[in-house]
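Q: I would like the atomic coordinates for the input below:
(chains A and B)
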Protein chains: 2
Amino acid sequence: MTELREDKDFVKAITPKSRDYSQWYVDVVTKAELMDYAPVKGCMVIRPYGYAIWESIQQALDPRFKETGHQNAYFPLFIPESFLRREAEHFEGFTPQVAWVTRGGGEDLAEPLAVRPTSEAIIGSMYSKWIQSYRDLPVLINQWCNVVRWEKATRPFLRTSEFLWQEGHTCHRTEAEAEEETLTILEIYRDFAENVLAIPVIAGLKSDSEKFAGALRTYSIEALMSDGRALQAGTCHNLGQHFAKVFDITFLDQDGQLKHVWQSSWGVSTRLIGALVMVHGDDRGLVLPPRVAPVQVVVVPIPSDRDGELVTTAVAAARDALTTDVPGLRLKVDDRPEYTPGWKFNDWEMRGVPLRLEIGPRDVKAGQVVAVRRDTGEKSTLSAEPAALAQGVRALLDDIQRGLYERAKVFREVNTRSAASVEEMADVMEGPRGFVLAPWCGSPECEEHIKEATGATIRCLPLAPAAAGGGRDGGSGLSGEDRSGQGGRSGETGRCVRCGQVPGRPAYFARAY
Amino acid sequence: MTELREDKDFVKAITPKSRDYSQWYVDVVTKAELMDYAPVKGCMVIRPYGYAIWESIQQALDPRFKETGHQNAYFPLFIPESFLRREAEHFEGFTPQVAWVTRGGGEDLAEPLAVRPTSEAIIGSMYSKWIQSYRDLPVLINQWCNVVRWEKATRPFLRTSEFLWQEGHTCHRTEAEAEEETLTILEIYRDFAENVLAIPVIAGLKSDSEKFAGALRTYSIEALMSDGRALQAGTCHNLGQHFAKVFDITFLDQDGQLKHVWQSSWGVSTRLIGALVMVHGDDRGLVLPPRVAPVQVVVVPIPSDRDGELVTTAVAAARDALTTDVPGLRLKVDDRPEYTPGWKFNDWEMRGVPLRLEIGPRDVKAGQVVAVRRDTGEKSTLSAEPAALAQGVRALLDDIQRGLYERAKVFREVNTRSAASVEEMADVMEGPRGFVLAPWCGSPECEEHIKEATGATIRCLPLAPAAAGGGRDGGSGLSGEDRSGQGGRSGETGRCVRCGQVPGRPAYFARAY
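A: Numbering: from 1, shown residues only, chains lettered A, B, ... in the order given. Got it, this is the predicted structure:
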């Protein structure tokens, strides 16, 4: 059957990463049928295979939110213009991207309605009705929904005019509780990204120029894509009392005083699917970590004129053993007669299925199953005996999950450099890119100069690990010395990489999506 | 403690059904915190308690869709005006209700975008790209999303400008397969309504005047609310080839011919939450079937100055026993010190929690737990021994689920009448309302006359049970004799209730939401 497994034409359909990374990305997301372009400017269709990844993401995150006391709800899609305007900074930040409904039910509307770009304003107006007393706090609400931000340049999953996300919106009695909530969610995001998506991330604080419009402080998790660009993979905002003051969200505290609540908001979106593609994918297509793969194991029977029935029986036995002994396993048997095994191998590799099992007549006779890993291409044989097969598949899937994370982490470490000057940083950004970890004095002027000279922005100021669990405030989570385990290189501490005068805090710089 | 349990003021806050049904409904949905009015015309907020019911609905329906081969996906919120226009009947049907985006990213749009009222047009345009060969069929896709239909008169959950729903959109090789799919989903809806929501429904065919704009045939499930009005609880459309022809969805069949696909679409929405309220609720508030209740069992400790610790220990033991022995049980212990037991009883009754367990010092000493059913108010004692307690709670929840369904079914049977003339039907509609089952000749004139004279519309022409499993076409599922088990009364067969001349098919008439 060997010649059938080499279906060169098929694989050629994906542009190699090294030739054109953007085209490679588009090829992968379209040919693996994660998405398709919609006949609406900047919008996309999330096809079933892509949506199944989103469902895996939801199934991993939603219980984590609920275990930490959050409940889901649903707020309206439309926000009156006057509500958006109330928080000036917020309005300025979002209005260039807003889609406006101006007609409804055959009539012009008296007031235009924004299609939500984010829901702080509409949710804030409800919280002011619902919250009266300290007993009503904390309010811990999340919603899964669509949002719209009109984008000029779009890219599937990474930047589209409409996308799906979750947005948490919470209210607290004290500033410390709001900060603790913000950092609790940041830690959930970090844990989820690393342990479910197998994407190592840097958790840290955004500089003022990069923070959310209307927030006191924004934290994010930042991931490194395989082309050396960074991607913001999730954000958590400590909103302070900004929205509470404009929407009059007050409560009678235990001491009899009327006070404004302290708020947080936080979200991750379908752009995580783009991150999965760019962190793990290769020239054969998608590579999916088992924990989010819509199909974790594909079984491909190798047909045989003489021993066809033998193979069919063995495939059914393997399927039964695995679905019984590996609860929740997402397994598919590809017994389509119209395709050759070789075509199927390429097809499922392109779709990133973590593990392929091949069962042919010789395997049946030898009492074995051939297992091929998507991440390394490594081939091994497993015993076809049910318990041993289940055990073998479980172990391989665990190993693939771990292996993908480790590989991505090594890539990030190799691609995190120090720089003694802006010129050095520019050389890195013109060359291999990746992260540069360097001290920054905190001045917007130095930040802006570096951006203009190198194309790199400050992705985040890393948190010391101790703070991620719930420090008192953002400041205390930062430190001149790097305790995050990501550093240890020369150059990231000391005086500001640009002005060379003021002592700086370590900052991750990168060109970003 | 008896005097504490009677908290009259609290219960008075809900208007009795008999005094003002509409106000009763609004009182229940707002006071039980299912929803709140949003500061946007016709829109509402689904609060966490209401949204948790929607999550239960999703968790019951989504696996039923997947088991029958459907996959979820996501299509854009916006539909270009020209796409909506392509199917003339569809456009005419929906355009009065459409909200239009006319500005985006600071510019006027060249073409207005409809905020989806339903997605046949946008999905049809994608299917025409994706489908080439008979091998690509069937396509079985569902999406969970928000839709917008600008409404003049709105009512929480029942009719709002924005609502949440699922919409299935399928493509098939033959007319028979499309019809089979339509009836398969109709049966899923019926089974779900009756066995999960405990709402008995009539499954049947819509008359032409009530069918979906652009469909060949529409089927629905129809439920009877406790005020005698009907509510359409779900619809399934056999779209024929209407959309396939305007969106050019063709495939090369096995015989080498290029053919148009046959399509179906189907949906249920958050209006089901309104149906739950109106079918099961009473003057004390919400009554929820255990299978969708966000909290199935609430445990209320009866405090005691002398034996407080004893009670606390017993409550913890009961909670542990139940969460261990009843997997997935949604249980809450209400140990808030600031409220009396009586206040809590009223509060959880108002929120419709199916079963309340009370544990006081005397119960602890007697080795028992007091159980109070929300549906009947019936009080019983259960042994506090862990296995017996779990067994007792399980049995009570099953009994409540069944009891709610039976009660609603009896109510519907009592409120399904025959009528020998339009005048008789008008008397029923002016009096007790409910369903009238009467023969209809099929003419739009008779249908329109009845509507004007009685205020009642044809809710559906009931299917013979044999057809619900997947009959060849809609016509064959209908029959002059009623085999659906809902009839047997005089008057529903024979000549048309209005013209008295042409033999009629049985039809359910009612005033509807």
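Q: how's chain A carved up into domains?
A: A:16-280, A:295-402, A:416-510 (automatic domain parsing).
Q: for chain B, find the nearest of those.
A: Chain B lies closest to domain A:16-280 among the domains of chain A, at 3.5 Å (Cβ to the nearest Cβ). Glycine gets a C-beta too; all of them are placed from N, C-alpha and C.
Q: thinking again about what came up before, which one of the domains of chain A lies nearest to B:Glu424?
A: Across those, B:Glu424 has its closest neighbour in domain A:16-280 (37.9 Å, Cβ to Cβ).
Q: distance to chain B added to the domains of chain A, as JSON lines?
A: Below are the domains of chain A laid out as JSON lines (distance: least, Cβ to the nearest Cβ, whole Å):
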{"stretch": "domain A:16-280", "distance to chain B": "3"}
{"stretch": "domain A:295-402", "distance to chain B": "7"}
{"stretch": "domain A:416-510", "distance to chain B": "22"}
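Q: pick the most deeply packed of the ones you listed.
A: Mean neighbour count (mean count of other Cβ atoms under 10 Å in any protein chain shown) peaks for domain A:16-280 among the domains of chain A, with a mean of 20.
Q: now do the end-to-end distance for that domain.
A: Its start and end residues considered, domain A:16-280 measures 14 Å (Cα to Cα, to the nearest Å).
Q: quick one: average pLDDT of that domain?
A: The average pLDDT within domain A:16-280 is 96.
Q: that one: how far from the chain's middle?
A: 12 Å (Cα atoms, centre = their mean, to the nearest Å).
Q: strands of the stretch 251-400 of chain A, start to end?
A: A:258-260, A:262-269, A:297-301, A:331-333, A:355-359, A:368-373, A:379-383 (DSSP state E, counting those that start in this stretch).
Q: relative to B:Gly106, which of these is closest?
A: strand A:262-269 (22.8 Å).
Q: and the closest one, what other elements does it pack with?
A: The elements that strand A:262-269 packs onto, with contact taken as 3 or more Cβ pairs under 8 Å, 6 or more residues apart in numbering or on different chains; DSSP states H and E, are strand A:162-172, helix A:175-195, strand A:230-240, helix A:242-246.
Q: tell me the angle the third one makes with strand A:262-269.
A: It refers to strand A:230-240. Here strand A:230-240 runs at an angle of 160 degrees relative to strand A:262-269 (axes from the mean of the first three to the mean of the last three Cα atoms, to 10 degrees).
Q: so which elements touch strand A:230-240?
A: Counting by 3+ Cβ pairs under 8 Å, 6+ apart, strand A:230-240 packs on helix A:175-195, strand A:217-224, strand A:262-269, helix A:271-280.
Q: tell me the angle it makes with strand A:217-224.
A: 170 degrees.
Q: next: the longest one.
A: Computed with the same axes, to 10 degrees, the direction of helix A:175-195 lies at 10 degrees from that of strand A:217-224.
Q: the helix or strand just after helix A:175-195 pairs with which strands, and in what direction?
A: The first helix or strand that comes after helix A:175-195 along the chain, using DSSP states H and E, is strand A:202-205. Partners of strand A:202-205 in the sheet, by DSSP bridges, are strand A:217-224 (antiparallel), strand A:457-462 (antiparallel).
Q: mind putting the helices and strands packed on strand A:230-240 into a markdown table with distance to B:Gly281?
A: Formatted as a markdown table, these follow (distance: least, Cβ to Cβ, whole Å):
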| stretch | distance to B:Gly281 |
| --- | --- |
| helix A:175-195 | 35 |
| strand A:217-224 | 44 |
| strand A:262-269 | 34 |
| helix A:271-280 | 41 |
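Q: which residues in the stretch 401-513 of chain A form helices?
A: In the stretch 401-513 of chain A, the helices defined using DSSP state H, counting those that start in this stretch lie at A:422-430, A:444-454, A:465-468.
Q: include distance to A:Pro289 when you put these into CSV, please.
A: Output for those, formatted as CSV (distance: least, Cβ to Cβ, whole Å):
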stretch, distance to A:Pro289
helix A:422-430, 29
helix A:444-454, 32
helix A:465-468, 23
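Q: mean pLDDT for the ones you listed: which is lowest?
A: helix A:465-468 (a mean of 45).
Q: which ones are touching the nearest residue to A:Ser304 once chain neighbours are set aside?
A: Distances taken as Cβ to Cβ, 6 or more residues apart in numbering or on different chains place A:Pro361 nearest to A:Ser304, at 4.2 Å, with adjacent residues excluded. Going by Cβ atoms under 8 Å, 6 or more residues apart in numbering or on different chains, A:Pro361 touches A:Ile302, A:Ser304, A:Arg306, A:Asp307, A:Leu310, A:Val311.
Q: again, only using 10 Å
A: For A:Pro361, the contact set (Cβ atoms under 10 Å, 6 or more residues apart in numbering or on different chains) comprises A:Pro301, A:Ile302, A:Pro303, A:Ser304, A:Asp305, A:Arg306, A:Asp307, A:Gly308, A:Leu310, A:Val311, A:Ala314.
Q: per-residue pLDDT of it, please?
A: pLDDT for A:Pro361: 95.
Q: strands along the stretch 401-513 of chain A, start to end?
A: Using DSSP E, counting those that start in this stretch, strands in the stretch 401-513 of chain A cover A:416-417, A:435-440, A:457-462, A:494-495, A:503-510.
Q: for the fourth one, packing partners?
A: By that I understand strand A:494-495. The helices and strands touching strand A:494-495, judged by 3 or more Cβ pairs under 10 Å, 6 or more residues apart in numbering or on different chains; DSSP states H and E, are strand A:435-440, strand A:503-510.
Q: so which of the ones you listed gets nearest A:Glu210?
A: Going by Cβ to Cβ, the one of the helices and strands packed on strand A:494-495 nearest A:Glu210 is strand A:503-510, 10.9 Å.
Q: give me the sheet partners of that closest one and which way each runs.
A: When pairs are called by DSSP bridges, strand A:503-510 turns out to pair with strand A:435-440 (antiparallel), strand A:457-462 (antiparallel), strand A:494-495 (antiparallel).
Q: for those, which one sits closest to A:Val268?
A: When those are compared (using Cβ to Cβ), the closest one is strand A:457-462, at 15.4 Å.
Q: wait, doesn't A:Phe251 sit right on A:Gln241?
A: No: assessed by Cβ atoms under 10 Å, A:Phe251 is found out of contact with A:Gln241, at 11.9 Å.
Q: overlap of the contact sets of the two?
A: A:Lys259, A:His260, A:Val261.
Q: got a list of what the second one touches?
A: By Cβ under 10 Å, 6+ apart, A:His260 lies in contact with A:Cys171, A:Gly240, A:Gln241, A:His242, A:Phe243, A:Ala244, A:Lys245, A:Phe247, A:Asp248, A:Ile249, A:Thr250, A:Phe251.
Q: from these, pick the one nearest A:Ala293.
A: So of the contacts of A:His260, ranked by how close each gets to A:Ala293 (Cβ to Cβ), first place is A:Cys171, at 37.3 Å.
Q: so the closest one sits right up against A:Leu140, yeah?
A: Yes: here A:Cys171 reaches A:Leu140: they are 8.3 Å apart, a contact under Cβ under 10 Å.
Q: quick check: neighbours shared by those two?
A: Joint contacts of A:Cys171 and A:Leu140 (Cβ under 10 Å, 6+ apart) are A:Glu181, A:Ser264.
Q: A:Ser380 pairs with what?
A: A:Ala371.
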